[in-house]
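Asks: okay, predicted coordinates and the sequence, questions at the end:
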Amino acid sequence: MADFYPQSSNSSISGDSTIGEGASTGFARRRTTHRQHLDRIQKDCASGKPTCHRVYDPLSRDLDEITKSSNHGAPEAWFDKHKENITKSLKNRSCQDWTETLVPMFSWLKVYDWKSNILTDIIAGITVGVMIIPQSMSYAKLAGLPVEYGLYSSLVPIYAYALFGSSRQLAVGPVALVSLLLNTGLTLVLENSGRTPENTANYDEIYATMAIQISFLVGVCYILMGVLKLGFVTIFLSHSVVSGFTSAAAIIIGLSQIKYVFGYDIPSDKSLHKMLINIFSNISEFNYKTFLLGTGCVTFLLCMKTIARRYPKHMWVRAAAPLVVTVVTIVLQATVDLESYGIPTVGKIPKGLPKFSGEQAVNIDDIGQLVVPVISIVIVGFMESIAIAKQLASKHNYEIDSSNELLGLGMANLMAGLFTGYPLTGSFSRSAVNNEAGAKSGISSIVTATLVGLVLLFMTPVFELLSLPTLAAIVISGVVSLVDSDEAIYLWKVHKFDFGVWMFAFLGTLFLGVELGLGIAVGLSLFLVIFESAYPHTAILGRLPGTTEYRNIKNYGQAERYDGIVVVRVDAPIYFANTQNFRDKVQKYVNKAKQSLEDRGSHTAVKFVIVELSAVAHVDTSALHSIQDMHKNYTNQKIQLCFTNPNVNVMARLVSSGIADEVGRDHIFVSTHDAVSYCLTAMDSVEISMHPSSKDLLITEKSPILLLTVSKDDVAMNRAGSDLSDNQDIEGGGYE
C-alpha cells in the first residue's frame, strides 16, 4: 500500500490526485490502489450504465462437473460431503491420528500439563465423587432399581467416558430425567405385557435385566449415530420445547419422591392430577418423622445451593451438601436408630465391584418393545449432555464435535449395559461443580470413578444405614433447578408464540405423562421446522434512494418501486414443501400490484416480475415444475418473468431443466438493479413507440437509462407501509 504524503489541516479529500484546496500549499498525496478502486466504483455507479454480464452459463462447462462442485444446500450434498470426508480420512490419516480420533484421551494427554493441572483435577474428581455417591443411589431409586445400580453406573461407564469422551469437564453418570424416563418406560412395557409386581414373582429381576438391556441398546444407538455423523439431529428440538418438557418432567420427578418424605406408600402415576389424587387419598398415614427429616434435608440442600450461587467463591458447599446430609443421617441411624422410629433405610447393598452382565445385555427377547424407552432416552440424554458439554468447551476455548461426543456417550452406556448399570448421560449440576472445582481434563472423571470403586469395595455397610427420606431430598433438591420458570417469563416478554410452545410442551408433559410429553415435544419441534420451511420469508423489494441497493419495503419505507415491475425476494431454498406457497405469494404480490395501479387510475400494466434468488441455496424438481408453470401463466398474461443472482447450483438446474431457455437467457441477471434497469428501458421503448409525445418520461442523450421521477403520492404510500406487501405474519418483515 502506498504511503500518504503530509497534508494541510484544511485540505479535503476528493477523487482527484491532489487534495483540493490543500494542493496550493504544495502538499499532495499519492493515488493508492484503494483510492483508484474507490474512484472507479464512484464513476461506474454515476454513469448509470447497467453491467452487461450475465450469470455464468454452466453449459460452457460440463454440467455434471459444475453441479458436483457447487452443490451447496442440496440434500445430496450432505451425503457427498460425508462420503468425501470418510474417503479422505481412510487415505490420509496416520496410525496416531486414528488413535486420537477413536480414543480422544490421547489427544489431550500429549499436551497435558501435569505439573500445573494434576492437583486441580484430583481435587475436582474427589469433589464430584463426594457428590455422585449419594446422588447416584438416589437416582437409582428413582429409576426403580436397587441403589447399587446407581453406583455401578458411576464406575466403569465413567472410566469409559474419560477414555472416549471429547469433553474434558463433563461429568457423566445417572441423572434424574433419564432415570424417570427409564422408570416410566419400563413400567409401561411390563404393564403392556401383563406383568406387574403383584402377579410376577421375579418382577424386580426382569425389570433390572431390561434396564441393563436398554442401557446396552442406548450405547449402540449413540455409537451408530456417531459413526454416521448424526450429531446434528438435536437442532430440530427448539429451546422452548425442551425447556417446557424438562420443567414439567422435573415436577413429576419431585412428586414421585414425596412418598419417602410423607412416609407412606403412594401408587406411582405418570400424570400430575392422578399423582395428586394418590398423594391425598392416603394422607391419614402421614408420618411426621420422615417429613421433618426429608424437609430438613431439602431445606439445607437448597440453602447451600443458594449460597453457592450468590457467592461463587464458596461453590464447594454445593458439592459438599449432599455428602453432609448423608453423613449426618448415617450417624443418626448408627447412634439413635432412626429405623426404630419408622424412618426406613436403604438396606442391604452388595459389596464388591459390578459383575459382567454381557449375556443379559445381548439376550433380548423382544427388541421391539424397548424401542420407545430407548429412543426417548437417546434423545433426552444426548440433548442434555451436548448442551452442557458445548457450554463448558466454549469457556475453556476448545471445540466439541457432536458426533464424537456421541461416541463417548455410546461407549459409556455400552459399558453400563455390560457391567450391571443403567443408562447415563452428562449431569448439569455435577458438571458445573466439576468445572468450578478446576477440572482441566478427563483425569477428574477417573478420580471420581476410582472413589466410587473404593466405596463399593470397602464402604457399602456404611451406606446401608442411609435413610430413604435423605435420598428423596437429594433428588428433589436436584430437580428444583430444572423448573425453568425464568425462561417462561422471558418468552412471555420477548416472543408470545414461543411462550405458547413452551406451555404446550409443559402442560402436555404434566398431564399426559413423560412419554407422551416427550412425543409432543419432538412432534411440536418437527412441526415448527416444517411450518417454517413451508412458509419461508418473502419480501417486496424497492430501491433505496441514491443507491443501487434493493431492500424490503417494510423495513425501508422510503424505498422506491416502479409501476409495472414487481420485485420479490425469497429467503429460503425452494423445494417440494414450499413451492405452492412460493407461487401463491408471488401471484398475490402481482395481484396487489395490479389492484394498486387500478386504484390510482394508472394506465400502466404489470409487465415484469423479478424474482431475487440470492438467498435460494437449492431448488428441486418440484420447484422447477412450479417455475415452469409460473412462466407459462405469466406469459399468457403478457408478463415477463426474470431472475436475479442465482447461485451456480440453481443456475445449473435452471439450464438443465430448460427453464433458462424458456424464460430467456437475457432475463437472468447478476443483480436486481440490472434487472430493473432492463425492465424500465424495455417499458420506456414500448411507451415511446406507442406515445411519441409522452411527457411523463425524461430521456437523456448521454445515458440509455431511464430517469424516472417518483411521485410524492408513491413515496407517501411507501412510507405508509405499502399495500403491495403483506409480510406481516408468515413472511415476518424483520429481515432486509
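Replies: That came in fine, so what should we check first?

Asks: distance check, I400 against L182.
Replies: According to CB to CB, to the nearest Å, I400 stands 26 Å off from L182. All C-beta atoms are positioned from the backbone trio N, CA, C, and that covers glycine.

Asks: buried sites along the helix ranked longest in the chain?
Replies: In the chain, assigned by DSSP state H, the helix with the most residues is helix 114-142. For helix 114-142, a neighbour-count test (16 or more other CB atoms under 10 Å) marks 117, 120-142 as buried.

Asks: for it, packing partners?
Replies: Judged by 3 or more CB pairs under 8 Å, 6 or more residues apart in numbering; DSSP states H and E, helix 114-142 is in contact with helix 147-152, strand 172-173, helix 176-192, helix 316-336, helix 428-436, helix 443-458, helix 468-480.

Asks: reduced to three states, what does F576 come out as?
Replies: coil (DSSP: H, G, I helix; E, B strand; the rest coil).

Asks: which stretches in this structure count as strands?
Replies: 172-173, 425-426, 538-543, 550-552, 565-570, 608-612, 640-644, 668-669 (DSSP state E).

Asks: OK, contacts around I388?
Replies: 170, 426-428, 431-432 (CB atoms under 8 Å, 6 or more residues apart in numbering).

Asks: so what's it closest to, chain neighbours aside?
Replies: Computed as CB to CB, 6 or more residues apart in numbering, the closest residue to I388 that is not its neighbour in sequence is S431, at 4.9 Å.

Asks: now that neighbour: how far from A124?
Replies: S431 is 11 Å from A124, by CB to CB.

Asks: then I343?
Replies: Applying CB to CB to I343 and A124 gives a distance of 34 Å.

Asks: which of the strands of the chain sits most buried?
Replies: Counting by mean count of other CB atoms under 10 Å, strand 172-173 has the highest mean neighbour count of the strands of the chain, with a mean of 32.

Asks: quick one: mean pLDDT over that one.
Replies: Strand 172-173 comes out with an average pLDDT of 94.

Asks: who does it touch, helix- and strand-wise?
Replies: Using 3+ CB pairs under 8 Å, 6+ apart, strand 172-173 is in contact with helix 114-142, helix 156-164.

Asks: one more time with 7 Å
Replies: Packing partners of strand 172-173 (3 or more CB pairs under 7 Å, 6 or more residues apart in numbering; DSSP states H and E): helix 156-164.

Asks: give me the residues contacting the helix it packs on.
Replies: 103-105, 172-173, 354, 407-408, 411-413, 415-416, 419, 421, 424, 442, 445-446, 448-449 (CB atoms under 7 Å, 6 or more residues apart in numbering).

Asks: pull the distance from that helix to the chain's centre.
Replies: Computed by CA atoms, centre = their mean, to the nearest Å, the chain-centroid distance of helix 156-164 equals 26 Å.

Asks: same question, stretch 336-353
Replies: Put simply, stretch 336-353 sits 44 Å off its chain's centre (CA atoms, centre = their mean).

Asks: stretch 272-291 too?
Replies: Centroid separation for stretch 272-291 versus its chain: 40 Å, with CA atoms, centre = their mean.

Asks: surely V317 meets M304?
Replies: Yes: V317 is within contact range of M304, at 4.8 Å (criterion: CB atoms under 7 Å).

Asks: which non-adjacent residue is nearest L491?
Replies: Going by CB to CB, 6+ apart, L491 has F499 as its nearest residue, at 3.9 Å.

Asks: show me what contacts the one you found?
Replies: F499 sits next to 488, 491-492 when contact means CB under 7 Å, 6+ apart.

Asks: can you tell me how far it is from V480?
Replies: The separation that F499 has from V480, given CB to CB, amounts to 22 Å.

Asks: G658 too?
Replies: Distance of G658 to V480, computed by CB to CB: 64 Å.

Asks: so between those two, which is more surrounded?
Replies: V480 (16 against 11; other CB atoms under 10 Å).

Asks: could you export stretch 172-181 as PDB, CA atoms only?
Replies: Extracted C-alpha coordinates of stretch 172-181, given in PDB (Å, rounded to 0.1, in the frame of the first residue of the first chain):
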ATOM      1  CA  VAL A 172     -21.400 -38.200  33.300                       C
ATOM      2  CA  GLY A 173     -23.400 -40.600  35.400                       C
ATOM      3  CA  PRO A 174     -27.000 -41.200  36.500                       C
ATOM      4  CA  VAL A 175     -29.300 -38.200  36.200                       C
ATOM      5  CA  ALA A 176     -32.900 -37.500  37.300                       C
ATOM      6  CA  LEU A 177     -34.500 -37.100  33.900                       C
ATOM      7  CA  VAL A 178     -33.100 -40.300  32.300                       C
ATOM      8  CA  SER A 179     -33.900 -42.200  35.500                       C
ATOM      9  CA  LEU A 180     -37.500 -41.100  35.200                       C
ATOM     10  CA  LEU A 181     -37.700 -42.000  31.500                       C
END
